[in-house]
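Q: this one's structure only:
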Ligand SMILES: N[C@@H](CCC[C@H](N)C(=O)O)C(=O)O
């Protein structure tokens, strides 16, 4: 089967985008899982943190489904939604779109460049909930806030929040990647605490409304960044009094930088506005053999070097802020 693909990234959280909106490839979920596992393999294929499937929607402008590199389908993806938003708005010739995701229809808007000449989109992340049943996390109280999870670590304290995919966040003085990896892996093994797994983020406050976030993603492992995790981390720093709702927070990560603004909702609760790049890397056609995925071939059609060059400048700027 011939399938067009677009390689993209949001803060170097990288995705392959497959347009099922314009092309009816007739894929079923078993095939989507097979495509994802095969193509995301960094050693033997294109490599990516996940695949974004863009589809028609009955109640929004389009629908985004995200599959993690291990083939599982999570509820949401913040960096991916910016990319889906760019793709959909360009397809429809508009600046704004409403995108159906697993738990909610979300707004995506093209906005001012986050840094010189970068395709920038903002997405409103939600619904946000601290109710432990929404992650889920097995805990004796309704919320888990600033609390030690003994099976995970005797000294780190975590806050659990769904964005609506599940996150736990800890604030630390220093981020050590091997610790993020170890705790993240463990959290995804203790199914009696996190039955559906969890994204685990370590956050360092850098002062002046700036934080650094590193995340171990459920279904992927350590990534350069995670959009819903950076939104969740911004929210947690507001709850801890380090940052403030309605004020922009700069979030640095290993893939660059985004900006988040925590909003109070009139009806109570929060949403988070996530603003950042939606960068195209290359596009091409895949000759995919579902009976023998390893035999599949990829033909490169177009590269976007100008986008990559601009993004490198943002990365250099972000490295200087740290
Ligand atoms: N990278 C994403 C989140 C993708 C889903 C996550 N791994 C999960 O399983 O919940 C983002 O940018 O939010």
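A: Received the coordinates, thanks. Just so you know, these numbers come straight off a predicted model, no measurement behind them.
Q: Spell out which residues of the stretch 201-322 of the chain are next to the ligand.
A: 217-220, 226-228 (C-beta under 6 Å from any ligand atom). The C-beta positions use only the backbone N, C-alpha and C, and glycine is treated the same way.
Q: most neighbours, which of those?
A: residue 226 (34 neighbours; other C-beta atoms under 10 Å).
Q: Got the phi and psi for the nearest residue to that residue once chain neighbours are set aside?
A: Residue nearest to residue 226 in three dimensions, not counting chain neighbours: residue 215, with 4.1 Å by C-beta to C-beta, 6 or more residues apart in numbering. Backbone torsions of residue 215, given as degrees, to the nearest 10, read phi -130, psi 140.
Q: Look up which residues are beta-bridged to residue 215.
A: residue 201, residue 223 (DSSP bridges).
Q: residues in the stretch 1-150 of the chain within reach of the ligand, list them.
A: 13, 66, 68, 74, 77-80.
Q: Restricted to helices, list these.
A: 78-80 (DSSP state H).
Q: who wins for neighbours among those?
A: That'd be residue 79 among these, by other C-beta under 10 Å, with 35 neighbours.
Q: mind listing what that one touches?
A: 9-11, 13, 15, 225-227, 276 (C-beta atoms under 8 Å, 6 or more residues apart in numbering).
Q: What of residue 48?
A: So residue 48 contacts 7, 14-16, 39-40, 69 (C-beta under 8 Å, 6+ apart).
Q: Among those, which are located in helices?
A: Checking the contacts of residue 48 against DSSP H, those in helices are 39-40.
Q: now, among the contacts of residue 48, which is nearest to residue 126?
A: residue 15 (20.9 Å; C-beta to C-beta).
Q: ok, which stretches of the stretch 101-250 of the chain are helices?
A: 177-187, 227-239 (DSSP state H, counting those that start in this stretch).
Q: so which of the ones you listed gets nearest residue 155?
A: helix 177-187 (11.2 Å).
Q: contacting residues around the closest one?
A: Contacts for helix 177-187 (C-beta under 8 Å, 6+ apart): 151-153, 156, 168, 193-194, 197-198, 200, 202, 214-217, 221-222.
Q: What is the burial count for the closest residue to residue 95 other than its chain neighbours?
A: Nearest non-adjacent residue to residue 95, counting by C-beta to C-beta, 6+ apart: residue 110, 4.5 Å away. Each residue near residue 110 was counted by other C-beta under 10 Å, and the total is 18.
Q: Which residues are in contact with residue 110?
A: 85-86, 89, 95-96, 119-121.
Q: Kindly state the domain boundaries assigned to this protein.
A: 2-119+278-321, 132-275 (the TED database).
Q: start to end distance for the longest one?
A: The reference is to domain 2-119+278-321. 44 Å (C-alpha to C-alpha, to the nearest Å).
Q: what about stretch 90-103, average pLDDT?
A: Averaged across stretch 90-103, pLDDT comes to 98.
Q: Any idea how far apart the tips of it sit?
A: End residues of stretch 90-103 are separated by 24 Å (C-alpha to C-alpha).
Q: quick one: buried residues of it?
A: 97, 99-101 (16 or more other C-beta atoms under 10 Å).
Q: Also stretch 258-273?
A: 258-263, 270-273.
Q: Also stretch 196-206?
A: 197-205.
Q: next one: stretch 240-256
A: Quick answer for stretch 240-256 (16+ other C-beta under 10 Å): 242-243, 249-256.
Q: can you check stretch 183-199 too?
A: 183-184, 186-188, 193-194, 197-199.
Q: need the residues you listed in CSV with distance to residue 57, can you?
A: Output for the buried residues of stretch 183-199, formatted as CSV (distance: C-beta to C-beta, whole Å):
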residue, distance to residue 57
183, 37
184, 32
186, 37
187, 33
188, 31
193, 35
194, 30
197, 27
198, 28
199, 25
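Q: quick check, nearest of those to the ligand?
A: residue 199 (5.1 Å; C-beta to the nearest ligand atom).
Q: could you check the distance from that closest one over to residue 263?
A: Remark: distance between residue 199 and residue 263 (C-beta to C-beta, to the nearest Å) = 21 Å.
Q: and if you look at residue 200?
A: 25 Å.
Q: for residue 116, same thing?
A: In terms of C-beta to C-beta, residue 116 sits 27 Å off from residue 263.
Q: contacting residues around the nearest residue to residue 258 once chain neighbours are set aside?
A: Distances taken as C-beta to C-beta, 6+ apart place residue 276 nearest to residue 258, at 3.5 Å, with adjacent residues excluded. Contact analysis of residue 276 by C-beta under 8 Å, 6+ apart lists 10-11, 79, 82, 114, 120-122, 227, 256-259.
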